[in-house]
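Trainee: all I have is the shape, not the residue letters:
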Ligand SMILES: [Zn+2]
């Protein structure tokens, strides 16, 4: 299994390419040309099996529609309304190419990519249908915009955001055994990442 981080425009979202028996990407950013070219360094983008979206914000998801028909696109059911809302308004000159997801997540699903398994955890707060993907064997957590490195955590003041739900979600994540944290922006935490999530929880409790 190979994990590759791709930092994608427009707002430097971390996208994670997982190359196993099956090929998947977690988040795609907002620039289809950029992400397709980045994937092409490793394999033909048409061979990508899954596009998993942590949430629908345009900086993570607006290029996803370009994978429709070749990859299976997965997003949480509570994100669909927000996604439709964004599809009507070009933000920062980007157009959210609307797509019907192939897999509507509820949380609790497991996707086996080969050596790698991804478990879906519904973590609302940053947005209603935000999810994290947990790899239980390696203890990796792909946390989207719910929790970041250095004690940071996601915004809760955007449409559909909810401070109390975010706090509960971080609390839930802090109970997981996490070795590496792969967030939706900025630095990764490799090694003892649970400590980092506990730090985020501590700070979130002071501010929320
Ligand atoms: Zn976001």
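Mentor: That came through fine. In this text the structure is predicted, and so the values were computed from the model without any measurement.

Trainee: the ion contacts on the chain?
Mentor: 57, 145 (C-beta under 5 Å from the ion). Where C-beta positions appear, they are placed from N, C-alpha and C, glycine not excepted.

Trainee: in whichever helix in the chain runs longest, what counts as buried?
Mentor: Ranked by number of residues, the top helix in the chain under DSSP state H is helix 193-207. Across helix 193-207, burial judged by 16 or more other C-beta atoms under 10 Å covers 193, 194, 196, 197, 198, 199, 200, 201, 204.

Trainee: can you tell me the average pLDDT over it?
Mentor: Helix 193-207 shows a mean pLDDT of 97 in the predicted model.

Trainee: now swap in stretch 121-129 and tell me
Mentor: Here the average pLDDT along stretch 121-129 is 98.

Trainee: residues contacting the longest helix of the chain, please?
Mentor: 141, 147-153, 166-167, 170-171, 173-174, 176-181, 189 (C-beta atoms under 8 Å, 6 or more residues apart in numbering).

Trainee: at 10 Å instead, please
Mentor: Outside helix 193-207, the residues that touch it by C-beta atoms under 10 Å, 6 or more residues apart in numbering are 125, 139-141, 143, 146-154, 156, 163, 166-167, 169-183, 187-189.

Trainee: what do you get for stretch 111-118?
Mentor: Stretch 111-118 is contacted by residues 1-3, 18-24, 26, 49-50, 52, 72, 74, 103, 105, 109-110, 119-120, 132-138, 140, 142 when judged by C-beta under 10 Å, 6+ apart.

Trainee: the residue nearest to the spatial centre of the chain in helix, strand or coil?
Mentor: Residue closest to the average C-alpha location in the chain (C-alpha atoms, centre = their mean): residue 54, at 2.7 Å. For residue 54, the assignment made with DSSP: H, G, I helix; E, B strand; the rest coil gives coil.

Trainee: next up, the contacts around the closest residue to it other than its chain neighbours.
Mentor: If you skip the residues right next to it in sequence, residue 54 has residue 144 as its closest partner in space, 2.7 Å away by C-beta to C-beta, 6 or more residues apart in numbering. When contacts are counted by C-beta under 10 Å, 6+ apart, residue 144 is found next to 13-14, 26-27, 52-55, 57, 60, 123, 126-127, 130-133, 154, 182-185.

Trainee: show me those that map onto strands.
Mentor: Secondary structure assignment by DSSP state E places 13, 14, 26, 52, 131, 132, 133, 182, 183 of those in strands.

Trainee: picking that back up, now, of the contacts of helix 193-207, which are buried?
Mentor: 125, 140-141, 143, 146-149, 151-154, 156, 166-167, 169-170, 173-174, 176, 178, 180-183, 188-189.

Trainee: out of those residues, which are inside strands?
Mentor: Those of these lying in strands (DSSP E): 140, 141, 143, 180, 181, 182, 183, 189.

Trainee: number of nearby residues for residue 84?
Mentor: Per other C-beta atoms under 10 Å, the neighbour tally for residue 84 reads 12.
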